[in-house]
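Chemist: With the sequence up front, the predicted model follows.
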Amino acid sequence: MTTTHEVRSQVAVTTTGSPLLSVRGLSVSYAPPKKAASLGTGAALSEADLDVRAGEVVGIVGETGSGKTTLARATVGLVRPVAGSIGFAGEDVGSLRGRALRAFRRSGQVQLVFQDPLRSLDPDLTVADVVREPLDIARTLDRRERDERVDDSLRLVGLDPVAVRGRLPRELSGGQRQRVSIARAISTRPRLLFCDEPVSALDVSNRNLVLNLLDRLRTELGLAVIIIAHDLSSLAGIADRVAVFYRGRIVEQGPIRAVLEQPAHPYTALLAASAPSVERRADEADRLRPEQLQPAAAGRAWPSDGVCVFAQRCPFAHDACTDQPALVPVPHDTGRQAACHVAATWRDRLDHDHEQPTRESA
């Protein structure tokens, strides 16, 4: 059996080189399209592009229904894309069907930690049975090796196997249940781990414990970790990069500090302004305020289709926004992308509008 210490010494974490996960033009719809060129009213994800490398933590943020969980479900094979590709370790897993898809899902290379551990853990199974279940499905280890892997996985998440392996989920605390969920997910030693709101149901102390655990596991196991969250401040402390979703589209992505402290998309700016703990500027007067990013009360009426998805809520929307902008590199800012026609200029306009009353009053 490979011990935790041996795993640490063997894994060389790198965030360079070819991506482990490469999503290109991914679209998912939960309702049949009315026209051949349309995704229909059930479109949950539209033309998403995202790269994730081994050893990297990528945060995904956005409102409920913006497509975050749909991306995870499509990657693990729970929903079928209508367009685009999902490259994992050089293979297009989005095109897998039948036996090939079942074999990929059973391999446990991509695992998902669900939001509510109490509802996602079988109440009639012991902790040992819960963590062993993915190994029983994969059938790559014999019974003795599976038992050893269960104990090792529990130790990796900070639980004593002797104390918890015979307990039922309801006999555990909320933090312990979430760690059991993580132990189950890592029992197959996956290469990519999706965590859907992993700390939303936990108190502050357990939130920090789980986030620190994920940070440690990506190093010890060489995991790529994608964390779906609403809590921007939590992501700021663990993620390397962040992708911001709005109404089924990625509107901005890049290094988390740059994205959240100097956002290129007005929606990202609104998120950051609504969570002041994310911004850590010395001059408090430089912080954006939510009211600065609200459209005029009697704003322009925009069509429901084809326009920029944020146009109706954007104070900087103009004629060009009748066309949905593509996700493109931000000018003079390497490593960042934004889907906004005014990504490089909206802040100048905000500063001008803010300063104008002062000049007139003088």
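Modeler: Alright, I've got the coordinates.

Chemist: wait, doesn't residue 81 sit right on residue 92?
Modeler: No - between residue 81 and residue 92 there is no contact under Cβ atoms under 8 Å: 10.2 Å. Just so you know, the C-beta spots here come from the backbone N, C-alpha and C atoms, and that holds for glycine as well.

Chemist: Only the buried residues of stretch 191-204, if you could.
Modeler: Within stretch 191-204, the residues scored as buried using 16 or more other Cβ atoms under 10 Å are 191, 192, 193, 194, 195, 196, 197, 198, 199, 201, 202.

Chemist: Rebuild the residues you listed as TSV, extending it with pLDDT, distance to residue 103 and secondary structure.
Modeler: Output for the buried residues of stretch 191-204, formatted as TSV (pLDDT from 0 to 100; distance: Cβ to Cβ, whole Å; DSSP: H, G, I helix; E, B strand; the rest coil):
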residue	pLDDT	distance to residue 103	secondary structure
191	96	15	coil
192	97	16	strand
193	97	20	strand
194	96	19	strand
195	94	24	strand
196	91	24	strand
197	90	29	coil
198	89	27	coil
199	85	32	coil
201	77	33	coil
202	82	34	coil
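
Chemist: quick check, nearest of those residues to residue 119?
Modeler: When these are compared for distance to residue 119 (Cβ to Cβ), residue 201 wins out at 10.0 Å.

Chemist: Helices of this protein, residue ranges please.
Modeler: 4-10, 68-75, 98-107, 117-120, 127-138, 143-156, 161-164, 174-186, 204-220, 232-236, 256-261, 266-274, 346-361 (DSSP state H).

Chemist: can you redo those helices as CSV with mean pLDDT?
Modeler: Formatted as CSV, the helices of the chain follow (pLDDT from 0 to 100):
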stretch, mean pLDDT
helix 4-10, 37
helix 68-75, 92
helix 98-107, 92
helix 117-120, 85
helix 127-138, 95
helix 143-156, 96
helix 161-164, 96
helix 174-186, 95
helix 204-220, 90
helix 232-236, 78
helix 256-261, 88
helix 266-274, 89
helix 346-361, 58
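
Chemist: quick revisit: more neighbours: which of residue 81 and residue 92?
Modeler: For residue 81 versus residue 92, neighbours defined as other Cβ atoms under 10 Å are more numerous around residue 81 (20 against 13).

Chemist: before we move on, the earlier item: out of the helices of the chain, flag the one nearest residue 30.
Modeler: Across those, the minimum distance to residue 30, taken as Cβ to Cβ, is reached by helix 68-75, at 8.2 Å.

Chemist: how about the strands in the stretch 251-362 of the chain?
Modeler: In the stretch 251-362 of the chain, the strands defined using DSSP state E, counting those that start in this stretch lie at 328-330, 333-338.

Chemist: Okay, now the sheet partners of the first one, with direction.
Modeler: Strand 328-330 has its sheet partners listed here by DSSP bridges as strand 333-338 (antiparallel).

Chemist: I'd like the mean pLDDT over the strand it pairs with, please.
Modeler: Taken as a whole, strand 333-338 has a mean pLDDT of 88.

Chemist: what distance separates that strand from the centre of its chain?
Modeler: Computed by Cα atoms, centre = their mean, to the nearest Å, the separation of strand 333-338 from the middle of its chain amounts to 18 Å.

Chemist: again, but for stretch 306-321
Modeler: On Cα atoms, centre = their mean, the centre of stretch 306-321 falls 25 Å from the chain's centre.
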